[in-house]
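J.: I'll drop the sequence and a predicted model, then ask my questions.
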Amino acid sequence: MVDSTADTVSPAARTNLVRLLRAAYPHPRFPDGPYERTADTIIDQVGESLWHRLALVQGLESLDAAAQHSRGTGFAELDDEQALALLRGIEDAQFFAFVRGVTVVTLYNDHEVWDLLGYEGESYSKGGYLHRGFDDLDWLPNPRVEEYDGPEQIVEVAPDDQLTTTGGTH
Amino acid sequence: MAENTPHLGNPIPHDEEVVVIVGSGAGGGTVAYELTQKGIPCVVLEAGPWLLPEDYENDEWAAFNQMAWLDNRTASGPYRVATDFPNLPAWIVKAVGGTTTHWSGATPRFREYEFKTRSHYGRVEGANLLDWPITLADLAPFYDRAEKAIGSTHRHGRPALPANNNYKVLANGAEKVGYKFYATGPYGTNAEPYDGRPASIQDGFNFQGDKSTAKWSTAVREIPRAIATGKCEVRPSSQAVQVTHDASGRADAVLYLDSEGNLHRQAAKVVCVAGNSIESPRLLLMSASALHPDGLANSSGQVGRNYMRHTTGSVYARFDQPVHMYRGETMAGIIADEARLDTSRGFAGGYYMETLSLGPAFLAAFAEPGSWGPEFTEILDAYQNTAGMWVVGEDMPQETNRVTLSPALQDQWGLPAPDVHFEDHPNDVAMREHGYGRADMLYEAVGANGTHHTPPYPATHNLGTCRMSERPEDGVVDAFGQAHDVPGLYVSDGSVMTTGAAANPTLTIVALAIRQAEHIASQLGKGAS
Ligand SMILES: Cc1cc2nc3c(=O)[nH]c(=O)nc-3n(C[C@H](O)[C@H](O)[C@H](O)COP(=O)(O)OP(=O)(O)OC[C@H]3O[C@@H](n4cnc5c(N)ncnc54)[C@H](O)[C@@H]3O)c2cc1C
């Protein structure tokens, strides 16, 4: 069971938070590191607001109660599907909304996550992507880069939408 | 800010009556450049700091937090932005150069019919359509000058940018579905050195400020050149809070706050307001006087109304093979085939399809705001194999879509914060659905195994809140952007747009600003304005 006092996040509550993040943002390819760093950012941020801190501690603690109630086990012991189902049921809970708000701007701003997703980020210091693959896609033919030069012309106004002598078309 | 503090120009006394320009973005920066080239002294008041290319952060959140306008604002109304981002109706930059520091560079012109929407579309229920008081022919010579200033590719001998990966997918899909009018531009970034700036190194960070300066912005061209004339003083971290008028009703000064909150007055012969379409009407509304009880230049009641944000939506498509959409120029891929008027499609007006890429940080925040669980993570898991495009088209002006002063919320100075109220018109919804459908077809034609439809982001195109009109009762400014009811007061940004057209707005903002500057110079030459 989680054993937090009302305004500190205990190690067990942190474990539940990491588990929650994995279930809510499942990426089989990701190791624990990014989730743990995100959990720590969330814990740091609740330090700034008594209300968020109270809500988070209470929320994480009650995850165990909810899991016990529905599955007879602690939240951390649920499998992915069970944990996800439990979270769907508490989607509107204030603490969970707060957790999601921080996660979405933290987990995906993690440089290890960028690597895992195949994003290389800043390139100016390396001369841009000009010689580092900006045009290396080879599974489609190289398209024209110039504008189309005929013979067809774009029909800017369809015949039925031409101005009539009465002014409007409708 | 960098060690190397920029030169802010020759000091101009506060009591000297000059042209005072509020805002240094596409509109304000251009007016300052054009007037100072003719020897007319200008003071540019810019709310944000002066950042140099070496200061720009090539990291999505860091850049956003460094440069976006994050003062209190609210979004209201039934559109999704009001729910998902209630304090961020728009993505606008607060820095010297304005939003041209974060723009990407697509520069199509408006089409002829788009200056005459009331005549062409007829009476559209709920829409406050009006023909512009000018035509494409009036603007054409200024479009030429704007394209040369910006260095648009595919125009005036400027070569095309090469195809990046995201464009290869877009263009091949376009060809497969029978589109013809696609290319890597016109686009405001150098494919080869031009105008003293280098060629693109395809670094992928258009939206964060271009460290290489291959991309045009008023921060790298118009503002430094205005200063070089010796006729311009730029005052960064100076936020205009009121435009005042004399007993005759003529604009005569701008009151502004410095970074410490001290109030200053700059005397003016002419005032050009170019704070973008939320701050410009806000400033006019905050400038109410006994002569203008509902806000300066608001005898028509149209100040703040007819707010447009373009009908937009993004489509992210997943493939079996890598795309790496983030490498290279973000928006150097434009399809114009749907940018036309053909109401048999079920809506008036047209739209463009343009390549778009976000990094994982922004994609997570904006692809499907509020979403979580496996249906969300699959979007991110496919990141490397994802291609993206933006659908951007004309939205209907509506009187009730509107910028007002918040009765409750204030900014850090104690001034009323702006509220941006917006609701899609049914025409906007029909256009967006059509765009999503065409984008799906296009990507499926080159093998996409899934697409995601992303709702509109906080607005990057903000238009219409001080619109141009022939008759004073229909709008705020005349055909040159001068207020119908306040001599000497001009609006010089996208808020003057009578209707929004399908095209990205900046080229047109610059063309209108050049035209306005010519007009101001000739009026000042005659000893009036
Ligand atoms: C990510 C992104 C991509 C874009 N891509 C494109 C594109 O490809 N093509 C295109 O055409 N457009 C694009 N745009 C839009 C383009 O940036 C704007 O249309 C253009 O910059 C608007 O010009 P403006 O002069 O109206 O305002 P801005 O450029 O926003 O300048 C307004 C300036 O006024 C200042 N200001 C406001 N209020 C005050 C005040 N009271 N006192 C002093 N200063 C004030 C602001 O700080 C700001 O610097 C993009 C925008 C974004 C955010």
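T.: Looks like it came in fine. Numbers count the residues shown, from 1 in each chain, chains lettered A, B, ... in the order given.

J.: Surely B:A501 touches B:T508?
T.: Yes. The criterion here is CB atoms under 8 Å, and B:A501 meets it with B:T508 at 7.3 Å. For glycine as for every other residue, the C-beta is placed from the backbone atoms N, C-alpha and C.

J.: list residues touching both of those two?
T.: By the contact definition CB atoms under 8 Å, 6 or more residues apart in numbering or on different chains, B:A501 and B:T508 are jointly contacted by B:F110.

J.: Now do the spatially closest residue to B:S248 that is not a sequence neighbour: how many residues are near it, please.
T.: Nearest non-adjacent residue to B:S248, counting by CB to CB, 6 or more residues apart in numbering or on different chains: B:P487, 8.0 Å away. By other CB atoms under 10 Å in any protein chain shown, 17 other residues sit near B:P487.

J.: so where does B:P487 fall, helix or strand?
T.: For B:P487, there is no helix or strand it lies in under DSSP states H and E.

J.: residue contacts, it?
T.: B:S248, B:G249, B:R250, B:A251, B:S529.

J.: who wins for neighbours among those residues?
T.: B:A251 (27 neighbours).

J.: Mind listing the residues bridging to that one?
T.: Beta-bridge pairing for B:A251 (DSSP bridges): B:H245.

J.: residues near residue 144, how many?
T.: Here I'm looking at chain A. 17.

J.: um, chain B though
T.: Applying other CB under 10 Å, we find 15 residues neighbouring B:D144.

J.: That one against B:H156, yeah?
T.: Yes. In this structure B:D144 lies within contact range of B:H156 using CB under 8 Å: 7.2 Å.

J.: Around the ligand, pick out the residues from the stretch 301-450 of chain B.
T.: Counting by CB under 6 Å from any ligand atom, the residues of the stretch 301-450 of chain B close to the ligand are B:M331.

J.: in the stretch 301-450 of chain B, which spans are helices?
T.: For the stretch 301-450 of chain B, the helices defined by DSSP state H, counting those that start in this stretch cover B:360-366, B:374-381, B:426-444.

J.: any chance of the ones you listed in TSV, with mean pLDDT and mean neighbour count too?
T.: As requested, these are exported to TSV (pLDDT from 0 to 100; neighbours: other CB atoms under 10 Å in any protein chain shown):
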stretch	mean pLDDT	mean neighbour count
helix B:360-366	98	23
helix B:374-381	97	17
helix B:426-444	98	20
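
J.: can you tell if the helix or strand where B:E279 lies touches the ligand?
T.: Using DSSP H and E, B:E279 maps to helix B:276-286. Yes. Residues of helix B:276-286 contacting the ligand under CB under 6 Å from any ligand atom: B:N276, B:E279, B:L283.

J.: Contact partners for the first one?
T.: This means B:N276. B:N276 neighbours (CB under 8 Å, 6+ apart): B:G23, B:G25, B:A90, B:I92, B:G98, B:T99, B:N462, B:D493, B:G494, B:S495.

J.: Name the nearest residue to it, sequence neighbours excluded.
T.: B:I92 is the one closest to B:N276 (CB to CB, 6+ apart), at 5.1 Å.

J.: pull the longest helix from chain A.
T.: helix A:50-71 (DSSP state H).

J.: counting contacts, what elements does that one pack onto?
T.: Contact here means 3 or more CB pairs under 8 Å, 6 or more residues apart in numbering or on different chains; DSSP states H and E; on that basis helix A:50-71 packs against helix A:11-24, helix A:32-46, helix A:80-89, helix A:94-106.
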